[in-house]
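A.B. asks: model this:
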Amino acid sequence: MRIVVTVKYVPDIASDRGFQDCRVVRTPAEGTINELDENAIEAALQLVEAAGEGEVVAVSVAGPDGAVALRKAFQMGAHRGVLVSDDALAGSDYFGTAAALAATVERLNADAPVDLVITGMAALDGLGSVVPTLLAAHLGWPALNLAKKVALADGAVTITREADDVTEELSARLPLVLSVADTANKPRLPNFKLIMAARTKEYETWSAADLALKPDAVGQAGARTETLSAAPRPPRDEVELVTDKGEGGKALAAFLIRNDLV
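C.D. replies: Numbering: from 1, shown residues only. Have a look, this model is predicted:
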C-alpha cells in the first residue's frame with residue numbers, strides 16, 4: 001500500500017502571527033507542522049501497519065521552511081518526503097495549492113501506484129477545509145471527508161463521520177482522497193531513534209517546472225481569491241470585575257442584555 005500524506009508548515013498558534021503584503025508571515029523559528037496533519041500521518045501509518053507493508057510519503061507545498069513539517073512526519077515514521085518549493089508558487093491560494101499537490105501525486109503515481117491520499121481536516125492558518133475536495137477533483141478521484149473512523153477492506157475505504165446530529169457511513173473504492181478529523185486517532189509520540197534519524201533524513205525538492213505546472217495555474221497569477229487588506233486585531237477592552245455582594249446575578253444579566261448576548 002502506498003499512501004501520500006499532505007503536511008503543511010504553519011505559524012505556531014501560540015506565537016504572534018501577522019501579515020506582510022497581505023500574506024501570512026512564516027518564519028522557521030515560530031512555525032511548526034499543522035497540528036491536524038498529525039492525525040493524517042497517524043491514519044496513514046496505521047493503514048500501512050495493518051497491511052503489513054507499504055510506504056507513507058509526506059508531501060508539503062511550501063518555501064524552504066516546509067522542511068519543518070516533513071521532519072515531523074519523519075519523526076512519526078513517514079518513509080519518504082517531498083517538498084514542492086518554488087518562487088512561482090508564492091501567493092498560491094487553495095486552488096493553486098490543490099493543483100500543485102495533484103501534480104505531485106500524479107508524478108508519484110507515475111513511478112508506482114498511489115492508493116490513497118490522506119489530509120488533515122483543515123490547516124490552522126487558513127481553516128478553509130476545501131483543499132482535500134479540490135485535490136480530489138484535480139485527480140478525478142472520490143473524496144471522503146472528515147472521517148472519524150476509517151476502515152479498509154477489499155480495495156475500498158469506509159468511513160464514519162458526524163455532522164450535527166447525523167452519523168454517516170460512506171464508502172468509496174481506491175484510489176481516493178481522504179481527510180480525517182482530529183478525533184480520528186491519537187497521533188503517536190516519536191521515539192528517540194526516529195527523532196535522531198529525522199534530523200538528517202533526506203527529502204526531495206521539486207519545482208513547478210518539475211511538475212509541469214502552468215504559470216497561470218499557481219502563485220498569484222493563478223489565484224482565484226485575493227486578500228485585499230489585513231490589520232492587527234484590535235486590543236481587547238479592559239476586564240470588568242464585579243464583586244458579588246448578593247447582586248451578582250443581576251449584574252450578569254445586565255451585562256448580557258447591554259451587550260446583546262441574550
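A.B. asks: does Ala50 sit in a helix or strand, and which one?
C.D. replies: helix 37-51 (DSSP states H and E).
A.B. asks: and that helix, average pLDDT?
C.D. replies: Helix 37-51 comes out with an average pLDDT of 97.
A.B. asks: and stretch 156-165, by the same measure?
C.D. replies: Stretch 156-165 comes out at a mean pLDDT of 92.
A.B. asks: ditto for stretch 83-97
C.D. replies: Over the span of stretch 83-97, the pLDDT mean works out to 93.
A.B. asks: restricting to C-alpha, output that stretch in PDB.
C.D. replies: The C-alpha trace of stretch 83-97 is given here as PDB (Å, rounded to 0.1, in the frame of the first residue of the first chain):
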ATOM      1  CA  LEU A  83       9.000  19.400  -0.700                       C
ATOM      2  CA  VAL A  84       7.400  21.300  -3.500                       C
ATOM      3  CA  SER A  85       9.100  24.600  -3.300                       C
ATOM      4  CA  ASP A  86       9.400  27.300  -6.000                       C
ATOM      5  CA  ASP A  87       9.100  31.100  -6.100                       C
ATOM      6  CA  ALA A  88       6.400  30.600  -8.800                       C
ATOM      7  CA  LEU A  89       4.200  29.000  -6.100                       C
ATOM      8  CA  ALA A  90       4.300  32.100  -3.800                       C
ATOM      9  CA  GLY A  91       0.900  33.500  -3.300                       C
ATOM     10  CA  SER A  92      -1.000  30.400  -4.200                       C
ATOM     11  CA  ASP A  93      -4.500  30.200  -2.800                       C
ATOM     12  CA  TYR A  94      -6.500  27.000  -2.100                       C
ATOM     13  CA  PHE A  95      -6.900  26.300  -5.800                       C
ATOM     14  CA  GLY A  96      -3.200  26.700  -6.700                       C
ATOM     15  CA  THR A  97      -2.200  24.600  -3.700                       C
END
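A.B. asks: just the helices from the stretch 151-262 of the chain, written as ranges.
C.D. replies: 192-200, 219-222, 248-258 (DSSP state H, counting those that start in this stretch).
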